[in-house]
Each structure stands twice: as structure tokens, then as C-alpha cells.
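Asks: show me how the following folds:
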Amino acid sequence: MRFEPTSFEIDDGDGSDDESTTKPWLVGVPVQKAMPGDQVMQCAGIVKDGSRCTRTYTQTTSATVSFCFKHRHQQRTSTHGYAPLAQLDIQVPKQRQSNVVPSCRCRGAMHWTYQSMCAMFCLFLAIGLLFTSLVLEIPHIGLASAFFFCIPMVLLANCSSRYERLSRGKAADRPTSMAEFYACWVNRSKTLELLDVSLRDCTANANKELLAAICIQRIYRGQRVRADISRCREAEIVVARVFRGHLGRHTASQERRRQIHLEAQARLHHVARVIQTRYRGWASRKYKLNFATRKLYLKDLEAKGHALRDTLRQRLDAQRAAEAARVDAESRDELVRITQHLHHLVGTAVTPGIFSSPFLQSKPTAFGVPVETHIRTNTLNYLATVPKKLLPKSQLKPKPPAVRTSLQATSVYQVDKVYDDREKRYQKASQITEENFVTVVHPASTYAYDKSVNNGIEYLDPRKHPFCQRSANKSPVKSRESIVLPPATRPSSQALPHVKKKKPHSKRTVVE
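Replies: Numbering: from 1, shown residues only. You can find the predicted model right below:
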């Protein structure tokens, strides 16, 4: 809620600035610094201890702010239960144009804090440029850094002067207690009205403020509980970390002790192994590997080996001789057994045999004796061993023939020719194959046309192709070659489904 300010006109007649005629509420107000048309306002802000702000300031006619520069943030807030003070809308008396020097509005354009920030930025920039110029060895960048070093000095000097000026003007600008009393006395009725309004506002907003306080307390308590939980969790994490560290160090120490024990055991085992190796070598060389005894043993073993080899050689020679004699005897026996039945192969004085052919340069022999001699001798020896159970020829009786006619008269004349013709007819009638008998052959149905006679046939060089030669064969190919006829000259198996497929012959058709 904003209260409409009350305007107080000041009229000094001739417009003089005599302090004796200055109103009590204008005491301490720099009226000479104000421009014509400005207003002197009192701040409506609340100080930290809860009291009202006592500052008065000059405000332009275009502005509607009723707070000083320290309490401008309270303009949009209405959380406190105080009603704003009545603004002292005091019209500054118009001064003569000849004596009034208009003040510059741009003097406070930049606050001294912004100037200090710019000074620090320029200082850092100058340091960076100086470092860059030293690294890159460029003098122009060094001059720029010197320029930026000068800017912070100027800005800091201006800030210090403004701070001193503001500190000196605070005591002069502070209003007196008489001005405050007179302002309150003039606006006492309105102040009471504002108090009633504030009380009603306080009663109306009591529930809202209570809920807000409860919400604040709830948030605060929740934050405290969460902080306690977080603190407990961090403490638990620390305890767990310390315990795990202690447990890990204990396990590591046990593992280290076990490793040291294993290394010591391994070292002792190695030393014991070396000692045993040395002792066993010494004992073996002293008691088992005696050089003199071993030398005698090797000589004895060598003599026994030579004797054994001689014995084995003699036995081998005897076995070879016995085997040769056995093979020779078996060969002679086999020769006798074979030749004693080959008497029909012996030649005569008129007809030579196969073993006495005049065309042979040397007669075949067996064991240094001609084969015919073996045959004659073995045959006679075999006949000598055969018992004489047959009757002599003089004691045999001749058998009379069944037909007392001659052999030529026993059959019809040229009966052998009749038998031959009959046999030919029988063979011709008995020519039966596995294929079904086909009475009529239809070339149109049994022959399938192919696009080319060479379809499916390997390419043959015309010089080697037998059908392309009209004269004598001059190619390195043999005169007789086995060539498979093309499929165009053979009946297709698809055209004759009722005819069984012939078995493939091993011999191919020979085309000269």
C-alpha cells in the first residue's frame, strides 16, 4: 500500500537561499544541488533493526521511487507489517537562471564499485600483455600493456576521491530531529489511519504469516535432520573406511609374512638340493664310477662282444649254407617232379622239341644239364618205379565195331553241311537281348534337333580335327584316334522313353 504524499510549497518571495528562512524539514537538504522541478523525498525503507530510514533525497519529477539508494530493493516487497511513510513531496523553489549552474547528470553514471572492477580487469589485461610481449619479443604489445597499467591508476584515484566526498556529505545530508517531528505532527491523522490499515493488514495476513512461519520451520527442521543424517552417513563411511583399511592392512601383513616364509623355505630347499647334489656326485665318483674298474670292465665287455660276433657270424654262415642246400634240394626235387611228366615235349631226330629248337642259340639248361636230358632221365626213372599191372599187347583182345559198315557209309552224304546250316539258323533265331523289340523306327520322333552338331563337344583345333582333313594326315596326332560322336548323331534318351538305356560300352567308336 502506498500513501499519497503531501506537497508543501516553499515560496521565499525573491528566491534567496537564506538559511534563516529555511523550513525545518529542509535542514540538511542540499537544495542548491537540486535542479529546478526536482522534489525532496523521504525514504520509506526499513532499517535492519526495524526502525524507519531517516534519509531524504532529491528525486526528479519523472521518477516515482520513494526509497533511497540503500533501500530500493524494498520497493517491490511488502513482507513487513509497516505501512510506508508519507512522502514529503516538497517542491524546490525555482532559482534564478543567472545564478543556477546546471549540474551534470552523468557525474554518477558509473558507481565506484564498477570502476574498481574495471581497474582490476585492466590490471590483469596489462599483466597478460606484458607476459605475451616478453615471450613473443614484440615491443608493440609491451606499449599496450603500459597503457593498460595507467588506466587502473586513474580509476582507483577517482574511486577514492568519490568515496571521500560521499563520506564527508553524509553528516550534512542527514535531516534533523525537528524535521522528523514536524513531519510526524503534520501527518498525525494520516499516520493513525496508516496504523489502522497496518493492523487490519496484520490481522488479515496473520494466518498466511503463520503458515509461512510453519513452512520455514518445517524446511529448517528438515534441513537440520538431513544434515544430521548426512553427518551420520559421512561418519559411518569414515568408520567403514578405517575398518576396511585396518582389515586390508592386516590381510596384507599376513600375506607378506606368508610370502617371506615361502621364500625362506624355497631358499632352504635350494641349499639342501645343492648339498645333496654335491654329495651324490662325490659318492658316485668314489664308489660307483671307479675309473680303473670301469676300464677293466669295458675291456672284458669288448672281448666278449668280439667273441659273440664271431660266434654269430659262424652260425649265420652255417644257416646260409644249410638254407642254400635245402633250396637246391627242393629245386631238384621240383624239377624231377615236373619233368617226369613232360615226355611229350622231347624232340626226335625228325621233329625237334621246344627245348631243342634249331633257332635257339643255346639250349636251355637246369643245374648245368640240358632240359631234354632231365626229361628223358626223369621219365625213365618214373617209368621204372611204376608197377607192371597192365597186360601186354599180345594178350589184348580187339573189340568188334558196332556197325560193320565203313565209317564213311555210316552217315548221309554231306550231313555235316546240313548240321552247319541248322546250327546257323538256330543261332540266328536265338539272338535275344535285354532291350525290347522295336518293330518300326520313326526318325521324326526318335531324333531331337540340336542347334549345332558341336553342341556339348570340346573345341578341337581344325588342324587336329579328323573331319577337316581331306589329304594325308600331316598333324602330329596319330592316324587312329578314339573320338566320341556328337550328340546329334545319337538318338536322344528323351525321345524314346519306352526304350531302355543301353549299357555304356568300354570301346569307343573309331573314326579314321
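
Asks: on the C-terminal side of whichever strand or helix holds residue 260, identify the next helix or strand.
Replies: Secondary structure here is read from DSSP states H and E; on that basis residue 260 sits in helix 206-283. Using DSSP H and E, the next helix or strand after helix 206-283 towards the C-terminus is helix 291-339.

Asks: now do that following helix: which elements does it pack against?
Replies: Counting contacts by 3 or more CB pairs under 8 Å, 6 or more residues apart in numbering; DSSP states H and E, the secondary-structure elements packed against helix 291-339 are helix 371-385. For glycine as for every other residue, the C-beta is placed from the backbone atoms N, C-alpha and C.

Asks: check which residues of the helix it packs on are buried.
Replies: For helix 371-385, the neighbour count (16 or more other CB atoms under 10 Å) marks 371-372, 374-375, 378-379 as buried.

Asks: out of those, who's nearest residue 305?
Replies: For these, the minimum distance to residue 305 (CB to CB) is 49.1 Å, reached by residue 374.

Asks: which ones are touching the closest one?
Replies: Going by CB atoms under 8 Å, 6 or more residues apart in numbering, residue 374 touches 335-336, 339, 366.

Asks: next one: residue 115
Replies: 155-156, 158-159 are the contacts of residue 115 under CB under 8 Å, 6+ apart.

Asks: and the buried residues of helix 371-385, which two are the farthest apart?
Replies: Greatest spatial distance in the buried residues of helix 371-385: 371 and 379, 12.2 Å, computed using CB to CB.

Asks: can you pull the residues that touch both of these two?
Replies: Shared contacts of residue 371 and residue 379 (CB under 8 Å, 6+ apart): residue 339.

Asks: next, count neighbours for residue 159.
Replies: Taking other CB atoms under 10 Å as the criterion, the count of residues near residue 159 is 19.

Asks: where does the protein have its least confident helix or strand?
Replies: Confidence across the helices and strands of the chain bottoms out at strand 510-511, with a mean of 36, counting by mean pLDDT, DSSP states H and E.

Asks: Provide the secondary structure category for the closest residue to residue 144 other than its chain neighbours.
Replies: Taking CB to CB, 6 or more residues apart in numbering as the measure, residue 144 lies nearest to residue 129, with 5.4 Å between them; neighbours along the chain are not counted. At residue 129, secondary structure determined by DSSP: H, G, I helix; E, B strand; the rest coil is helix.

Asks: ditto for residue 413
Replies: Using three-state DSSP, the structure places residue 413 in coil.

Asks: look up how far residue 236 lies from it.
Replies: Taking CB to CB, to the nearest Å as the measure, residue 413 falls 143 Å from residue 236.

Asks: before we move on, what about residue 336?
Replies: Shown here: residue 336 relative to residue 236, a distance of 119 Å by CB to CB.

Asks: neighbour count: the two, which is higher?
Replies: Ranked by neighbour count (other CB under 10 Å), residue 336 and residue 236 place residue 336 first, with 14 against 10.

Asks: give the contact list for the more buried one.
Replies: Contacts here follow CB under 8 Å, 6+ apart; on that basis residue 336 touches 374, 378, 381.

Asks: closest to residue 325 out of those?
Replies: residue 374 (19.8 Å).

Asks: got the confidence number for the closest one?
Replies: For residue 374, the model assigns a pLDDT of 90.

Asks: do the one 3 residues further on as well
Replies: At residue 377, the model reports a pLDDT of 91.

Asks: next one: residue 467
Replies: pLDDT, read off for residue 467, is 66.

Asks: cool, residue 49 as well?
Replies: Taken from the predicted model, the pLDDT recorded for residue 49 is 61.

Asks: could you do residue 97 as well?
Replies: Model confidence at residue 97, expressed as pLDDT, equals 41.
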